[in-house]
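Enquirer: Return atomic coordinates for the entry below.
(one chain, ligands or ions: 2)
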Amino acid sequence: MLNDTIAAISTGKDLSAVSIIRMSGDEVFTIINQLFTKKLDTVPSHTIHYGYIKNPLNGELVDEVLVSVFRAPRTYTKEDVIEINCHGGAFITKKILSLVLGCGARLAEPGEFTKRAFLNGRIDLSQAEAVQDLLDAKHDDQVKIALSALKGSVHKLMEPLLDRLVQIISNIEVNIDYPEYDDVEVLTQETILPDVELWLKEIDTILEKSQSGSIIKEGLQTVIVGKPNVGKSSLLNALLEEDKAIVTNIAGTTRDIVEGDVRLKNITLHLMDTAGIRDTSDVVEQIGVEKSKAVIEKAQLVILVFDGSQPLDDEDKELLEMTKNRNRIVVYNKSDLGNIHDGLTICAQEGDIQALIDEINNRYEDAHALIDEPILINERQIGLMMQAKMAMARAYEALQFNVELDLVTIDLQDCYRCLKEIEGSYSKEGLLDEIFTRFCLGK
Ligand SMILES: Nc1nc2c(ncn2[C@@H]2O[C@H](COP(=O)(O)OP(=O)(O)OP(=O)(O)O)[C@@H](O)[C@H]2O)c(=O)[nH]1
Ligand SMILES: [Mg+2]
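Expert: Numbers count the residues shown, from 1 in each chain. Ligands and ions are numbered 1, 2, ... in the order given. Take a look at the predicted model:
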């Protein structure tokens, strides 16, 4: 049942001055009236009331509280919502929650308030996901992206495309089903082709921006590679400004991938320190080397470290070859021991790595500007957009081969479905409704 009344503690587990117990559903007033010293049935919406929570069984006072009243539909869930602001102690908070449950509420599942907001049509799925992103945010940029998605930027991003797509789908449907309906333009492969070509480009742009945006959000996947003992772990530690990875003068110290995030001026790096790559007979080290190679494949930025005081040997050259087509920065470490190469020099041991930091900031100078553009905010959305692109590409190809429009429309509808699923709002009936209302057919 959708409107059964749910309740949960909405504030964190840590000790705090105030806790909030939130309720949503048809029965919130029946429940609060059994527990609160004042009757709230008739009070206006969006008001706060001072009083006491009492145990309905024996009338004993439990806590001094403020109760907020929000009447449907202008609430978080679009249902009646009541929030009890009580003292923050874990014991009191849980006691009040148990009284609320005792009076007929059901304990909410994780995320259930937001789920109701979605099911009741107050927010779309992309906005519900943005709520989770806001809760998970670890820096300002993530907050900014999540907030803009919460305000509906994902919908706005796709709206123009969806609008024109549905118009063409409707038009084709009408041409097929109501050939006698001569108010409507008769479309041909030729007339649609330019639109479809344009949409493909638009989808590509959205995908590109979203992928760059996810770098801002998740951090640039950055791997530090090099042969053993060149100072990779020392560099990781210097960038993180903490002794996270073990550093020794024994070649082959690092085996597992060691990770950490660092926020630079223009971009956040998700750093991965790897096992030094070389041919080795040590089984554990071999596994580490394999892991390093796998990480290089996935990385968005490769920092290749050499010992700058030494000439490059065959192993170094092999690494240069292995990473030559990657987004790569080569650094010469151990500058305190002298440097015999041209290029970026650092001294990881002393924390002297500014040259590298400057280079990264320069490369990602524009990244920050992207943050104000609407983007898709997660893999689910990007995955669906890729499916939409494939469907659109099929339609494009079919049109070029002059395939009948009643077949092309299947791909267009598939594309439409993927775009709507990004918002979690696809239904076949929905599409039919759109078609009918647009042309006032069967009024
Ligand atoms: N002189 C000097 N020594 C350094 C510098 N950076 C690292 N070292 C030393 O080089 C040795 C290896 O450093 P690590 O950071 O463990 O090197 P690594 O590349 O992670 O080595 P593996 O994990 O074995 O692949 C240690 O003795 C460090 O103290 C530097 O800038 N100058
Ligand atoms: Mg290491």
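
Enquirer: what's the residue in the stretch 251-400 of the chain that ligand 2 sits nearest to in contact with, if anything?
Expert: Per C-beta to the ion, residue 254 is where the stretch 251-400 of the chain lies closest to ligand 2, at 3.1 Å. Every C-beta, even on glycine, is put in place using the N, C-alpha and C of the backbone. When contacts are counted by C-beta atoms under 8 Å, 6 or more residues apart in numbering, residue 254 is found next to 232-233, 245-246, 273-276, 288.

Enquirer: and for the strand or helix carrying residue 84, what are the contacting residues?
Expert: Per DSSP states H and E: residue 84 is located in strand 81-87. With contacts defined as C-beta under 8 Å, 6+ apart, strand 81-87 is touched by 10, 17-24, 28-29, 31-32, 40, 53, 63-70, 72, 75, 92-93, 96, 100.

Enquirer: Quick check: which of the contacts of residue 254 has the minimum pLDDT.
Expert: Minimum pLDDT for the contacts of residue 254 is recorded at residue 288 (82).

Enquirer: Give me the phi and psi for that one.
Expert: Note on residue 288: backbone dihedrals following degrees, to the nearest 10 are phi -60, psi -40.

Enquirer: With residue 361 instead?
Expert: Given degrees, to the nearest 10, the pair of backbone angles that residue 361 has is phi -60, psi -40.

Enquirer: what comes up buried for the next helix or strand after the strand holding residue 84?
Expert: Going down the chain from strand 81-87, the next helix or strand is helix 90-102, by DSSP H and E. Residues 92-93, 95-97, 99-101 are the ones in helix 90-102 that count as buried (16 or more other C-beta atoms under 10 Å).

Enquirer: And for stretch 313-328?
Expert: For stretch 313-328, the neighbour count (16+ other C-beta under 10 Å) marks 315-316, 319, 323, 326, 328 as buried.

Enquirer: mean confidence score for it?
Expert: The average of the pLDDT scores along stretch 313-328 is 93.

Enquirer: Could you point out the helix or strand that follows the longest helix along the chain?
Expert: Ranked by residue count, the top helix of the chain under DSSP state H comes out as helix 189-218. Counting by DSSP H and E, the element after helix 189-218 in chain order, helix or strand, is strand 220-225.

Enquirer: where does the chain come near ligand 1, residue by residue?
Expert: 226, 228-234, 247-249, 251-254, 275-276, 333-334, 336-337, 347-349 (C-beta under 6 Å from any ligand atom).

Enquirer: of these, buried ones?
Expert: Listed as buried from those are 226, 228-234, 247, 252-254, 275-276, 333-334, 347-349; burial here means 16+ other C-beta under 10 Å.

Enquirer: quick one, the helix or strand where residue 289 lies and strand 220-225 angle?
Expert: Using DSSP H and E, residue 289 sits in helix 283-298. Taking axes from the mean of the first three to the mean of the last three C-alpha atoms, to 10 degrees, one finds that helix 283-298 is oriented at 140 degrees with respect to strand 220-225.

Enquirer: buried residues in stretch 188-196?
Expert: Quick answer for stretch 188-196 (16+ other C-beta under 10 Å): 189, 192-193, 195-196.

Enquirer: Understood, closing this out.
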